[in-house]
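[1] Okay, here's the prediction I keep looking at, along with the sequence it came from:
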Amino acid sequence: MVSRDVRMSLQTLKVLEAFLADPTDELSGADIHRRSGIASGTLYPILLRLEAAGWFVSRWEAIDPASAGRPRRRLYRLTRSGLARAGEVLASFGRGVRT
Amino acid sequence: MNLHDALSEPPAARASGRGLVEGTAKRLVRHAARHAPPALSERLEEEWLADLSGRHGAIPRLSFALGCCWATRVIAHELGAPVRTAAATAERAAAVCADPGRSFFSRRTMIFVLIGSLHTLLIYGLAAGMARKVLDVLPDRIQVALVPRATTPQEPPPQTAHVKLQKFQVAVPSWHRDSLVEPDAVTISTVEPQPPTVTTESHAKPVNRVVGGPGAGFPSTGDYYPDAARRMGETGAATVQVCVDRAGRLTADPVIAQSSGSARLDEGARKLARAGSGHYRATTEEGRPVNDCYGFRIRFDLKD
């Protein structure tokens, strides 16, 4: 997917920061909500926006809902380019990047 | 299913408060996901229901569900709104084409067209002078008067002259009305020439006297035809008495010597006579201009 610019907002920076705690993590929407505190009405449009821009990739959790006793989750992960761009953006905003 | 239905539909788990909240939250999430862009609808429904199961407590669940409703609007606006709008338009157009009894234009479109047409007509009317005609219909002053039958205005009585026919011969001046210079497009006729001044001197020479009248450059009656009189079809002639100096200028305000039968026409004649100051021919005696007062007729015809 072609990476392109994403409109940055404080909520978007919070989402990126939630991933940068451990860039290899795959997080669901609920996980991101717990880390960033962003409400669902704001969180999911940001996730879709970043995914469409190539910063994230997502996949379904590989579980059997019947045996797990819960529905499968959608997991998001930073791409390589997304990680680089997120680091640049957060550095430019003076928040620092933990790698 | 709309939002109201989602909230008002009795949930299966209404037996307990928790079940009620869970059922409502799930319905809200499903409702929100189904109104997302079609390409994302199924994915969002499953994703949101999975994330909803990770929330604990009634308020967080309802808050999450309501947030999903808002997220749907944002996502649809950013991604799917144009597609859905285009699809809806295409469906509507197809329905119109499939149903010959249905009007091609919607009721709202017809109303817009009607309003636009009325505005166009109004603007055109104003530009074409309709407003002026509307104003002209209303005379500035309403006069109620019995208009007499059209009669030929009487010539003003000749000035009194003391003539002793038994002693003197009256010398008629060589004056002819046709020889006067009349302004173009002015329907003005002078009063019959006054009888020549006759002296009682036994050996007085007859005076060659030419009574003045409107001269070159005199205003046209068409310019002073009262609008109200023109609209009401009033015609007639008024005799105006003017006093003119040797330079052709008025020395006194004109007066109506004989009415035309219409106060409007009389007023128009007086204005015309007043406006003609400086364009009168002075009365001449022996070829020399002199101050004089004389009357002349001003006729207003509709052809003016």
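    Nice, I can see it.
[2] where do the helices sit along the chain?
    All of this is about chain A. Assignment of helices within chain A using DSSP state H yields the ranges A:10-20, A:29-36, A:40-52, A:65-68, A:80-92.
[3] that's the wrong chain, I meant chain B
    Counting by DSSP H, residue ranges of the helices within chain B are B:3-8, B:17-34, B:38-53, B:58-75, B:81-98, B:107-127, B:130-137, B:221-224, B:227-231, B:263-275.
[4] For A:Pro71, which of the ones you listed is the nearest?
    For the helices of chain B, proximity to A:Pro71 was assessed by C-beta to C-beta; helix B:38-53 is nearest, at 4.0 Å. Any C-beta I mention is one placed from the backbone N, CA and C, and that applies to glycine too.
[5] would TSV of the helices of chain B with mean pLDDT and distance to chain A be doable?
    Output for those, formatted as TSV (pLDDT from 0 to 100; distance: least, C-beta to the nearest C-beta, whole Å):
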stretch	mean pLDDT	distance to chain A
helix B:3-8	48	14
helix B:17-34	84	9
helix B:38-53	89	4
helix B:58-75	89	3
helix B:81-98	47	13
helix B:107-127	87	32
helix B:130-137	60	54
helix B:221-224	88	72
helix B:227-231	86	68
helix B:263-275	91	76
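[6] Take these and lay them out in TSV including mean neighbour count.
    As requested, those are arranged in TSV below (neighbours: other C-beta atoms under 10 Å in any protein chain shown):
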stretch	mean neighbour count
helix B:3-8	12
helix B:17-34	19
helix B:38-53	19
helix B:58-75	20
helix B:81-98	11
helix B:107-127	10
helix B:130-137	11
helix B:221-224	18
helix B:227-231	17
helix B:263-275	21
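[7] Tell me which of the helices of chain A lies nearest to B:Asp51.
    Distance to B:Asp51, taken as C-beta to C-beta, is lowest for helix A:29-36 among the helices of chain A, at 4.3 Å.
[8] what helices or strands is the closest one leaning on?
    In this structure, helix A:29-36 packs against helix A:10-20, helix A:40-52, strand A:74-78, helix B:38-53, with contacts taken as 3 or more C-beta pairs under 8 Å, 6 or more residues apart in numbering or on different chains; DSSP states H and E.
[9] So for B:Glu234, which of the ones you listed sits nearest?
    If you check each of these against B:Glu234 by C-beta to C-beta, helix B:38-53 wins as the nearest, at 79.0 Å.
[10] picking that back up, would you list the helices of chain A in a markdown table and tack on mean pLDDT and mean neighbour count?
    Supplementary listing: the helices of chain A in a markdown table, determined by pLDDT from 0 to 100; neighbours: other C-beta atoms under 10 Å in any protein chain shown:
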| stretch | mean pLDDT | mean neighbour count |
| --- | --- | --- |
| helix A:10-20 | 90 | 20 |
| helix A:29-36 | 91 | 20 |
| helix A:40-52 | 92 | 22 |
| helix A:65-68 | 88 | 9 |
| helix A:80-92 | 88 | 16 |
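[11] Of the ones you listed, which is nearest B:Ala228?
    Across the helices of chain A, B:Ala228 has its closest neighbour in helix A:40-52 (72.8 Å, C-beta to C-beta).
[12] circling back: nearest to B:Pro214 among the helices of chain B would be which one?
    Proximity of these to B:Pro214 was assessed by C-beta to C-beta; the nearest stretch is helix B:263-275, lying at 8.6 Å.
[13] hmm, who's touching the closest one?
    The contact list for helix B:263-275, computed with C-beta atoms under 8 Å, 6 or more residues apart in numbering or on different chains, reads B:143, B:145, B:219, B:221, B:223-226, B:228-229, B:234-236, B:238, B:240, B:242, B:250, B:253-256, B:259-260, B:298, B:300.
[14] run the last query once more with 6 Å
    Applying C-beta atoms under 6 Å, 6 or more residues apart in numbering or on different chains, the contact partners of helix B:263-275 are B:219, B:224, B:226, B:228-229, B:234, B:236, B:238, B:240, B:242, B:254, B:256, B:259-260, B:298, B:300.
[15] Quick one: residues contacting residue 32.
    Defaulting to chain A. For A:Ile32, the contacting residues are A:Ala18, by C-beta under 6 Å, 6+ apart.
[16] The intended chain is chain B.
    Contacts for B:Ala32 (C-beta under 6 Å, 6+ apart) come out as B:68-69, B:72.
[17] if we can go back for a sec, among the helices and strands packed on helix A:29-36, which is nearest A:Ala62?
    The stretch from the helices and strands packed on helix A:29-36 with the least distance to A:Ala62 (C-beta to C-beta) is strand A:74-78; that distance is 9.2 Å.
[18] quick check: angle from the closest one to helix A:80-92?
    Between the direction of strand A:74-78 and that of helix A:80-92, the angle (axes from the mean of the first three to the mean of the last three C-alpha atoms, to 10 degrees) works out to 70 degrees.
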